[in-house]
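**Student:** Next come a sequence and a model predicted from it.
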Amino acid sequence: MHENRSFSDKLWLVLKGLAMGAANKVPGVSGGVVAFVAGFYEEFIYSLQKVNRKAIALILNGRFHSFYTYVNGRFLGLLFLGMIISYFSVSKLLDHLLIYYELHVWSAFFGMIIGSIYFMAKDFGSWKKKYLAYLILGVIAGVSISFLEPATENNNLIFVFFCGIIGVSGMMLPGLSGSFILILLGNYVLLLVDSVNALFDTVSDLVQADFSFIDNQERIELLKIVLVFSFGSVVGLVSLSHLLAFVLKTHKKATYAVIIGFIAGSLGVVWPWKVKSFKFDVAGNQIFDEKGREIIVGYDRYLPSDLSYETLLAIFFILVGIIGVLSLDWYHKMQLNKHG
């Protein structure tokens, strides 16, 4: 592990956390892909794996510095700091961009995923038949998930805890979008929009010494939800990291083949040219949730029929996404040459 980091390394790690947090917020995009392409995926998994019985024993014995060192605390702390900042900044910006520049955002992420597939496949080595089989299984799984129909919102705290465990998978498994899984579970808006906004508003109130939110029952319920969701996410991170560390040690190439296939299969989720499909009753009337919001049940994808300005701009952003990912590889190589 890399405990002795320069200031630039620390800043770069926070920025990587920002990118992971932003990617986790967008349905169809995986923060795990960012970790993989940026070259710290395995360190991330193995650091989380260190949160085990020994780590807990160190805390109980008051050996906090030893715990910090044992779990690669500086690395995880800077990374999670970036993710937390992202949820209150970059994620807010992304919400705005998805409303007003949806086609361009999806195009950029589509390009980023294409670039990620190339990045991960270029150094894979020999594609034996068994690895091709794993690749195909990953593609099938990724495509299948993209065609599932979303459930309805459920604020039961046990279910919210389960959502935390499942939703954090996008941070751990490249290609599996945690936010898209939350859409399928029906709780994306509740957990990544309403709850995050409630937490942001509460922090703002506390900074201004305004405690009136205590009497706001809806705000208190949302704070309970974000607390339970966060706890579920921590449990998911720790438990899944142990499983992933095991399979990476014992079946590394097979795991990578499945991941590459899964990412390729997820391209359908972020396909730029699509229109939202809303929920209607048997009489043909559109159904809204209890807060008056449209209920999205899926997307109708299509191919652009002409090379209009919007289509050319979308293609441009796809290229920007591809180049953006590959530039990380170029930067990484430059750093290796600089220090080597």
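**Tutor:** Good, I have the coordinates. Numbering: from 1, shown residues only.

**Student:** Need the phi and psi values for residue 124.
**Tutor:** phi -70, psi -40 (degrees, to the nearest 10).

**Student:** Relative to residue 214, how far out is it?
**Tutor:** Separation of residue 124 from residue 214 (CB to CB, to the nearest Å) stands at 55 Å. Yep, even glycine has a C-beta here, placed from its N, CA and C like the rest.

**Student:** next one: residue 241
**Tutor:** Distance from residue 241 to residue 214, by CB to CB: 36 Å.

**Student:** tell me which residues in the helix or strand harbouring residue 258 are buried?
**Tutor:** Secondary structure from DSSP states H and E places residue 258 in helix 252-265. Residues of helix 252-265 classed as buried by neighbour count (16 or more other CB atoms under 10 Å): 254, 255, 256, 257, 258, 259, 260, 261, 262, 263, 264, 265.

**Student:** Might one say that residue 78 is in contact with residue 18?
**Tutor:** No - taking contacts as CB atoms under 8 Å, residue 78 lies outside contact range of residue 18: 10.7 Å.

**Student:** Between the two, which has more neighbouring residues?
**Tutor:** Set residue 78 next to residue 18 and count neighbours by other CB atoms under 10 Å: residue 18 wins out with 22 against 19.

**Student:** what's the helix ranked longest in the chain packed up against?
**Tutor:** Counting residues, the longest helix found in the chain (DSSP state H) is helix 217-250. Packing partners of helix 217-250 (3 or more CB pairs under 8 Å, 6 or more residues apart in numbering; DSSP states H and E): helix 41-49, helix 157-167, helix 169-172, helix 195-207, helix 252-265.

**Student:** Who are the contact partners of residue 110?
**Tutor:** 267, 270, 271, 272, 318, 321 (CB atoms under 8 Å, 6 or more residues apart in numbering).

**Student:** Which of the helices and strands packed on helix 217-250 sits closest to residue 142?
**Tutor:** helix 252-265 (1.9 Å; CB to CB).

**Student:** Residues in contact with that closest one: which ones?
**Tutor:** Identification of contacts with helix 252-265 by CB under 8 Å, 6+ apart yields 30, 33, 36, 113, 116-117, 120-121, 124-125, 130-132, 134-146, 173-176, 244, 247-248.

**Student:** Mind doing that once more with 6 Å?
**Tutor:** 116-117, 120-121, 131, 134-135, 138-139, 141-143, 174-175, 247-248 (CB atoms under 6 Å, 6 or more residues apart in numbering).

**Student:** again, but for stretch 183-201
**Tutor:** Against stretch 183-201 from outside (CB under 6 Å, 6+ apart): 27, 87-88, 148, 150-154, 163, 182, 219, 222, 225-226, 229.

**Student:** just stretch 18-27 next, same as before
**Tutor:** Under CB under 6 Å, 6+ apart, the answer for stretch 18-27 is 29, 31, 34, 82-83, 86-87, 90-91, 94, 170-171, 178-180, 183.

**Student:** More neighbours: residue 241 and residue 214, which one.
**Tutor:** residue 241 (21 against 11).

**Student:** hmm, back to that, could you pull out the buried residues of the longest helix of the chain?
**Tutor:** Going by neighbour count (16+ other CB under 10 Å), the buried part of helix 217-250 is 219, 222-223, 225-226, 228-230, 232-233, 236-238, 240-241, 244-245, 248.

**Student:** So, low pLDDT: which residues of the stretch 51-200 of the chain?
**Tutor:** Applying pLDDT under 70 to the stretch 51-200 of the chain flags the ranges 91, 175.

**Student:** hmm, 90 instead?
**Tutor:** Low-confidence segments of the stretch 51-200 of the chain, defined by pLDDT under 90, are located at 51-53, 56, 62, 71-73, 83-102, 105-106, 108-109, 112-127, 141-155, 165-200.

**Student:** Helices along that one, start to end?
**Tutor:** 53-60, 64-70, 73-88, 90-100, 102-121, 129-146, 157-167, 169-172, 178-184, 188-189, 195-207 (DSSP state H, counting those that start in this stretch).

**Student:** Out of those, indicate the one that is most buried.
**Tutor:** helix 169-172 (a mean of 24; mean count of other CB atoms under 10 Å).

**Student:** Show residues contacting that one.
**Tutor:** Taking CB under 6 Å, 6+ apart as the rule, helix 169-172 contacts 24, 30, 31, 32, 176, 177, 178, 240.

**Student:** Quick check: the third one vs residue 23, distance?
**Tutor:** Right, the one you point to is residue 31. Residue 31 sits 4 Å away from residue 23, going by CB to CB.

**Student:** go on, residue 9?
**Tutor:** On the measure of CB to CB, residue 9 and residue 23 end up 21 Å apart.

**Student:** Can you give me the end-to-end span of stretch 269-281?
**Tutor:** Stretch 269-281 has its terminal residues 25 Å apart, counting by CA to CA, to the nearest Å.

**Student:** Fine by me, thanks again.
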